[in-house]
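> would you be able to build a 3D model of this:
(2 chains)
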Amino acid sequence: MSNKLLSPAFGLALEARGLRKTFEDGLVVALERADLSLGPGERVAIMGPTGCGKSTLLALLCLLELPDAGEISFDGLSAQAIKNPERWRLENVGIVFQFHHLLPHLTALENVTLPLVARPMRQSEREQRGMDLLEGFKLTHRAHTLAAKLSGGERQLVALARALVNQPRLVLADEPTGSLDSKTGVLLLDYLFNPPYSLQPTILLVTHDPAVAARADRVIRMRDGVLPEES
Amino acid sequence: MGSLHLLFRDLLRQPALTVAYAFGIGVGAATYLLLLSATHHFSAQFADSKRLFGADVVVQRARASSPFMWQLRSAEATKLASLPGVESVIRVAFGPVDVVGDRFFLFFGLDLDPKVAPKIRSLQGRMPLPGTAEAAVGIFAAPRLGLNLGSTLLVREVPLQIVGIYQCGHSLLDHGAIAPLDVVQRIFDRYDQLSAVLLDLAPGTDPEQVARTITQEFPSLEATPTESWISLYGSVRLVESYTGTIGVIAVTVALLAVLSILQVSLMARLREFAILRAVGWSRFRVTTLVVGETLLLAVFGVLLAPAIGEWILFLLRPLNREAAGFVTDHVDLTLWPRTALVTLVAALAGSLLPVLRVLRTPPARILCAP
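Next comes the predicted model:
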């Protein structure tokens, strides 16, 4: 897929300062002193060993979890000022999980259009948007196949399509190629870095694969829950 | 795909399980419906007495706790007959007897004079004549006890010849037998004693006024317009309240059982709800989905309830034999709307706990774990 004309202003600028997150009443420190800054449309990879807090960081950045300490802001707007995180996520963020997290009893198309259900939109429009994405990912022929019957690679591509269906300004991907063979992994990254819409979202990618990280504009290394300000 | 579409897809994912949940709720609702039907049927047995006797006022001993007490005397009935507005007096005595095939057979004795007899429809034969060892059996009692015209019904070792089979539309009476009052008094060894006295009033006479007059002039008696007779009995009120409470408990227990299964199912689906929240579904929309599923299951259950109730009654019929007439033969469908309301409210309340658990579990905890 070729690079399109990208508009840097479309992507969401992200700023995180001094993030800390613990679990089990503070006994498990998942994240300690995490600082991060992403410019609009920037594509950044975070690398680090398993269990270093990468997934926790992503959960905080998409407001699925609240930090114990620290500040997050998007385009200068503090996360604390966001009263409705679900709606904000719906309008701004696409998430790709390591494990595709599709609903197995729904078809590929239904999974892709799942976020659109929460938006005021006609059914036909939803389906058209979903089909356009699946067509871009060359999965039209699998549109009406149950997610449970898709291959691992197809599931992850459908999960990516679901993350992009709302044309998000920020895409957070947690080891998106972790469970894929190298060929499918490359295909998925192609689609991720060149989404089939004309605006370039900000992308934060978590991986422990150097080859995947190399596709990003910038790589940040994380260790033991610490994300240094200058990497 | 909309929310409603997703709701149906969720329910159709495991149809057998969905049917099992709906059936479980249906059993709970049917239990409630049956208990409610039984209560109403029980009350109706007494309230219906007006249909049989056409009486306007029922007189009994004051503070009697049960209709089965024999506490009136014939002399009192005679005094009542002379009150202004009273056209005729019907003396009634009844109680349960142990006969072959039914240990709780209701046996009625009444004045079978020409004023009363025509009020009972004889399907076969005739009504017994006063002073004779004859009896007529109700349309439901005859086949149950294997009685026909000319058969002998042995009551407390007294043989009574069956001379008629009647139907009066009063389930309790149609499951029992009627004999002349003096014969029944003799069988029960209660000469001159009565269970109640029924008064027919002259046209235009106010039953309430007559009842007040009797209560004032005869402090040891209690007179009530027939329609409100049932409310006098503490035991009946107790039964009503008791069965009503049991009905609520039954539906609650059944729903709790089903909802605990439902909760297990919902907990197993936490990942799905987390996904929905992660992709931007609001808490309200997720709540609507969970509550909607529960309510839809409850609706299916409520629709199944009458059929399940009839099925339960069919299974219980052999056990009901001894309480024939007291226990309802069929589900009372007029009580279905109330059952539906109680079931839906209980389902709504019961779905709140799973919803709270779904909403209070941070999606990231579920989705970031393998």
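> give me the beta-bridge partners of the closest residue to B:Ala179 other than its chain neighbours?
Closest residue to B:Ala179 in three dimensions, ignoring its sequence neighbours and counting by Cβ to Cβ, 6 or more residues apart in numbering or on different chains: B:Ala135, at 4.3 Å. For the C-beta atoms, the positions are set from N, CA and C on the backbone; glycine is no exception. Beta-bridge partners of B:Ala135, counted by DSSP bridges, are B:Ile162.
> any idea which residue is closest to the centre of chain A?
Centroid-nearest residue in chain A: A:Leu172, 2.3 Å away (criterion: Cα atoms, centre = their mean).
> residue contacts, residue 133?
All of this refers to chain A. A:Leu133 is in contact with A:Val112, A:Ala161, A:Leu164, A:Val165, A:Pro196, counting by Cβ atoms under 8 Å, 6 or more residues apart in numbering or on different chains.
> could you do chain B instead?
If a contact means Cβ under 8 Å, 6+ apart, then B:Ala133 has B:Val158, B:Pro159, B:Leu160, B:Gln161, B:Val183 as its contacts.
> can you put those in CSV and add neighbour count and distance to A:Asp25?
Converted to CSV, those look like this (neighbours: other Cβ atoms under 10 Å in any protein chain shown; distance: Cβ to Cβ, whole Å):
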residue, neighbour count, distance to A:Asp25
B:Val158, 15, 82
B:Pro159, 10, 85
B:Leu160, 24, 82
B:Gln161, 14, 87
B:Val183, 22, 84
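> in helices, which of the residues you listed fall?
Taking DSSP state H, the ones among the contacts of B:Ala133 that sit in helices are B:Val183.
> wait, B:Gly109 sits on B:Phe94?
Yes. With contact defined as Cβ atoms under 8 Å, B:Gly109 reaches B:Phe94; the gap is 6.6 Å.
> model confidence for residue 157, exactly?
The chain I'm using is chain A. Looking at A:Leu157, its pLDDT is 91.
> please go with chain B instead
If you check B:Glu157, the pLDDT there is 87.
> that one and A:Leu160, how far apart?
Distance, B:Glu157 to A:Leu160, using Cβ to Cβ, to the nearest Å: 91 Å.
> more neighbours: which of those two?
With neighbours defined as other Cβ atoms under 10 Å in any protein chain shown, B:Glu157 and A:Leu160 compare such that A:Leu160 has more, 25 against 6.
> dump the helix or strand containing the more buried one to CSV, restricted to CA.
Assessed by DSSP states H and E, A:Leu160 sits inside helix A:152-164. Presented in CSV, the C-alpha positions along helix A:152-164 are these (Å, rounded to 0.1, in the frame of the first residue of the first chain):
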residue,chain,number,x,y,z
GLY,A,152,-5.1,-15.9,13.2
GLY,A,153,-3.7,-13.5,10.7
GLU,A,154,-7.2,-12.6,9.4
ARG,A,155,-8.4,-12.0,12.9
GLN,A,156,-5.6,-9.6,13.6
LEU,A,157,-6.3,-7.7,10.4
VAL,A,158,-10.0,-7.5,11.2
ALA,A,159,-9.0,-6.2,14.7
LEU,A,160,-6.9,-3.5,13.0
ALA,A,161,-9.8,-2.7,10.7
ARG,A,162,-12.0,-2.3,13.7
ALA,A,163,-9.4,0.1,15.3
LEU,A,164,-9.4,2.2,12.2
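> give me the residues contacting that helix.
So helix A:152-164 is contacted by A:94-97, A:100-102, A:108, A:111-112, A:114-115, A:130, A:133-134, A:137, A:139, A:142, A:147, A:150, A:171, A:173, A:176-177, A:179-181, A:184, A:187-188, A:191-192, A:195-197, B:279 (Cβ under 8 Å, 6+ apart).
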